[in-house]
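Undergrad: quick one, fold the following:
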Amino acid sequence: QVQLVESGGGLVQAGGSLRLGCAASGRTFSRYGMGWFRQAPGKEREFVAAISSSGFITYYADSVKDRFTISRDNAKNTVSLQMNSLKPEDTAVYYCAASTTWWTVTRAEYPYWGQGTQVTVSS
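TA: Residues are numbered from 1 along each chain as shown. Model prediction:
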(Lines give C-alpha, C1' and ligand atoms only; values in the text may rest on other atoms or scores of the structure.)
Protein backbone atom coordinates (compact mmCIF):
# COMPACT_ATOMS: atom_id res chain seq x y z
CA GLN A 1 0.00 0.00 0.00
CA VAL A 2 0.95 3.59 -0.54
CA GLN A 3 0.49 6.24 2.13
CA LEU A 4 0.35 9.92 1.19
CA VAL A 5 0.25 12.78 3.68
CA GLU A 6 -0.29 16.35 2.50
CA SER A 7 0.71 19.50 4.32
CA GLY A 8 0.87 23.23 3.77
CA GLY A 9 -2.71 24.29 3.15
CA GLY A 10 -4.21 27.39 4.71
CA LEU A 11 -5.81 30.77 4.21
CA VAL A 12 -4.16 33.33 1.95
CA GLN A 13 -5.18 36.57 0.29
CA ALA A 14 -5.58 36.80 -3.46
CA GLY A 15 -2.22 37.31 -5.10
CA GLY A 16 -0.42 35.44 -2.38
CA SER A 17 1.48 32.17 -2.39
CA LEU A 18 1.34 28.78 -0.70
CA ARG A 19 3.47 25.68 -0.96
CA LEU A 20 1.86 22.27 -0.55
CA GLY A 21 3.88 19.22 0.35
CA CYS A 22 3.18 15.51 0.13
CA ALA A 23 5.17 12.79 1.85
CA ALA A 24 4.91 9.29 0.38
CA SER A 25 5.70 5.90 1.82
CA GLY A 26 4.99 2.26 1.08
CA ARG A 27 6.70 1.59 -2.25
CA THR A 28 9.57 2.71 -4.46
CA PHE A 29 8.62 6.35 -4.88
CA SER A 30 10.98 7.11 -7.77
CA ARG A 31 9.29 4.62 -10.13
CA TYR A 32 5.89 6.31 -10.30
CA GLY A 33 4.32 9.50 -11.51
CA MET A 34 2.68 11.83 -9.02
CA GLY A 35 -0.11 14.34 -9.34
CA TRP A 36 -2.10 17.03 -7.62
CA PHE A 37 -5.85 17.33 -7.93
CA ARG A 38 -8.36 19.65 -6.29
CA GLN A 39 -12.04 19.67 -5.43
CA ALA A 40 -14.07 22.78 -4.78
CA PRO A 41 -17.44 22.63 -2.97
CA GLY A 42 -20.13 21.27 -5.25
CA LYS A 43 -17.69 20.50 -8.05
CA GLU A 44 -15.96 17.45 -9.44
CA ARG A 45 -12.41 16.68 -8.47
CA GLU A 46 -10.16 18.10 -11.17
CA PHE A 47 -6.61 17.66 -12.36
CA VAL A 48 -4.11 20.35 -11.39
CA ALA A 49 -0.59 19.11 -12.19
CA ALA A 50 1.42 15.96 -12.80
CA ILE A 51 5.08 15.03 -12.75
CA SER A 52 6.83 12.00 -14.17
CA SER A 53 8.78 9.51 -12.09
CA SER A 54 12.11 11.20 -12.87
CA GLY A 55 10.71 14.71 -12.56
CA PHE A 56 11.72 15.63 -16.11
CA ILE A 57 8.17 15.85 -17.42
CA THR A 58 5.50 18.10 -15.94
CA TYR A 59 2.03 19.04 -17.10
CA TYR A 60 -0.49 21.58 -15.81
CA ALA A 61 -4.14 22.37 -16.15
CA ASP A 62 -4.66 25.52 -18.19
CA SER A 63 -6.19 27.24 -15.18
CA VAL A 64 -2.95 27.04 -13.18
CA LYS A 65 -0.31 27.12 -15.89
CA ASP A 66 2.40 29.74 -15.27
CA ARG A 67 1.25 30.15 -11.66
CA PHE A 68 1.79 26.71 -10.13
CA THR A 69 4.92 24.54 -10.17
CA ILE A 70 5.06 20.86 -9.33
CA SER A 71 8.33 19.30 -8.23
CA ARG A 72 9.59 16.16 -6.52
CA ASP A 73 12.52 15.00 -4.46
CA ASN A 74 13.03 11.28 -4.98
CA ALA A 75 15.67 11.12 -2.27
CA LYS A 76 13.13 12.37 0.29
CA ASN A 77 10.01 10.71 -1.20
CA THR A 78 8.22 14.03 -1.44
CA VAL A 79 6.30 15.97 -4.05
CA SER A 80 5.46 19.67 -3.80
CA LEU A 81 3.16 22.18 -5.40
CA GLN A 82 4.26 25.80 -5.33
CA MET A 83 1.24 28.03 -5.88
CA ASN A 84 1.78 31.69 -6.77
CA SER A 85 -0.58 34.50 -7.75
CA LEU A 86 -3.43 32.69 -6.07
CA LYS A 87 -7.00 33.54 -7.01
CA PRO A 88 -10.27 33.02 -5.11
CA GLU A 89 -11.21 30.38 -7.69
CA ASP A 90 -8.22 28.31 -6.54
CA THR A 91 -10.07 27.69 -3.27
CA ALA A 92 -10.48 23.93 -2.87
CA VAL A 93 -9.30 20.84 -1.06
CA TYR A 94 -6.04 19.80 -2.71
CA TYR A 95 -5.14 16.12 -2.98
CA CYS A 96 -1.81 14.48 -3.64
CA ALA A 97 -2.08 11.31 -5.71
CA ALA A 98 0.25 8.50 -6.73
CA SER A 99 -0.10 6.70 -10.05
CA THR A 100 0.54 3.14 -11.19
CA THR A 101 2.80 4.17 -14.05
CA TRP A 102 5.83 6.37 -14.64
CA TRP A 103 3.78 9.18 -16.17
CA THR A 104 0.09 9.92 -16.56
CA VAL A 105 -2.42 12.74 -16.41
CA THR A 106 -5.39 10.38 -16.35
CA ARG A 107 -7.22 10.45 -13.04
CA ALA A 108 -8.20 6.77 -13.36
CA GLU A 109 -4.52 5.82 -13.22
CA TYR A 110 -4.12 7.38 -9.76
CA PRO A 111 -5.39 4.79 -7.27
CA TYR A 112 -3.63 6.23 -4.23
CA TRP A 113 -4.76 9.46 -2.58
CA GLY A 114 -3.89 11.56 0.41
CA GLN A 115 -6.47 12.91 2.83
CA GLY A 116 -6.44 16.37 1.28
CA THR A 117 -5.49 19.81 2.52
CA GLN A 118 -7.71 22.89 2.42
CA VAL A 119 -6.59 25.95 0.49
CA THR A 120 -8.72 29.07 0.88
CA VAL A 121 -8.00 32.23 -1.08
CA SER A 122 -9.78 35.36 0.06
CA SER A 123 -10.55 38.25 -2.25
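Undergrad: backbone dihedrals for the residue most central in space within the chain, both of them.
TA: Nearest to the geometric centre of the chain sits residue 36, at 2.3 Å (C-alpha atoms, centre = their mean). For residue 36, the backbone dihedrals are phi -120, psi 140 (criterion: degrees, to the nearest 10).
Undergrad: what strand or helix carries the closest residue to it other than its chain neighbours?
TA: Distances taken as C-beta to C-beta, 6 or more residues apart in numbering put residue 48 closest to residue 36, at 4.3 Å, once the chain neighbours are dropped. In this view, the C-beta of every residue, glycine as well, is placed from N, C-alpha and C. Taking DSSP states H and E as the criterion, residue 48 maps to strand 46-51.
Undergrad: do residue 19 as well
TA: Counting by DSSP H and E, residue 19 is part of strand 18-25.
Undergrad: what lies in contact with the helix or strand encompassing residue 94?
TA: Residue 94 belongs to strand 92-98 when assigned by DSSP H and E. By C-beta atoms under 8 Å, 6 or more residues apart in numbering, the surrounding residues in contact with strand 92-98 are 2, 4, 6, 9, 20, 22, 24, 32-40, 43, 45, 48, 79, 81, 110-114, 116-119.
Undergrad: from those, which land in strands?
TA: 4, 6, 20, 22, 24, 34-39, 48, 79, 81, 112-113, 117-119 (DSSP state E).
Undergrad: so residue 107 makes contact with residue 36?
TA: No: judged on C-beta atoms under 8 Å, residue 107 makes no contact with residue 36 at a distance of 11.5 Å.
Undergrad: residues in contact with residue 100?
TA: Here residue 100 is in contact with 32, 109, 110, 111 (criterion: C-beta under 8 Å, 6+ apart).
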